[in-house]
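Student: sharing a model prediction with you, sequence too.
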Amino acid sequence: MADIVGEPPDEAPLPTTSPSVPKPVGIGADNQVLIRSLAEQLVSEANAVLADRGELITLEDELVDGWLGFRLRYRDRCARVVTRFTRGRAMGRLLGDGMGTSQPRELTSPDEVETLLLLLLTDSDVAARRAG
């Protein structure tokens, strides 16, 4: 992660996503916890490099009745990963700058968190052009 943060590319790949589908609560909760844990680790690594430039990625938990989520922020960009629990089912969702879709989508695996962070670190104009 430190190498990526030191010199982010001009254009980052989009994280691999799939359509959001309801799943058992246990699986949805487990996926959210795995993604959140990896995000915390990668944000810590990235911030060790970014701090030298006076910048940071923030990770903010969002705990609301019926869903778990977190928000990643860097400069003027933001991404949210949330899982909503309703009627005995869980549904994950990825929201944020540069995602380029209005249909509910979720990360395909925790491994996509690194790609998501890379997208936040790249030039916001590039992400906006790709989303439009």
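Tutor: Everything's here; your move.

Student: tell me where this protein has helices.
Tutor: 2-6, 25-50, 113-121, 124-131 (DSSP state H).

Student: what's the burial count for V25?
Tutor: Number of residues near V25 (other C-beta atoms under 10 Å) recorded here: 15. In short, each C-beta sits where N, CA and C put it, glycine included.

Student: and it, how close does it get to R71?
Tutor: 22 Å (C-beta to C-beta, to the nearest Å).

Student: can I get the helices of the chain in TSV including mean pLDDT?
Tutor: As requested, those are exported to TSV (pLDDT from 0 to 100):
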stretch	mean pLDDT
helix 2-6	56
helix 25-50	95
helix 113-121	90
helix 124-131	44
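
Student: out of those helices, nearest to D65?
Tutor: Nearest to D65 among the helices of the chain is helix 25-50; the distance by C-beta to C-beta comes to 14.4 Å.

Student: please state the offset of stretch 61-69 from the chain centre?
Tutor: 15 Å (C-alpha atoms, centre = their mean, to the nearest Å).
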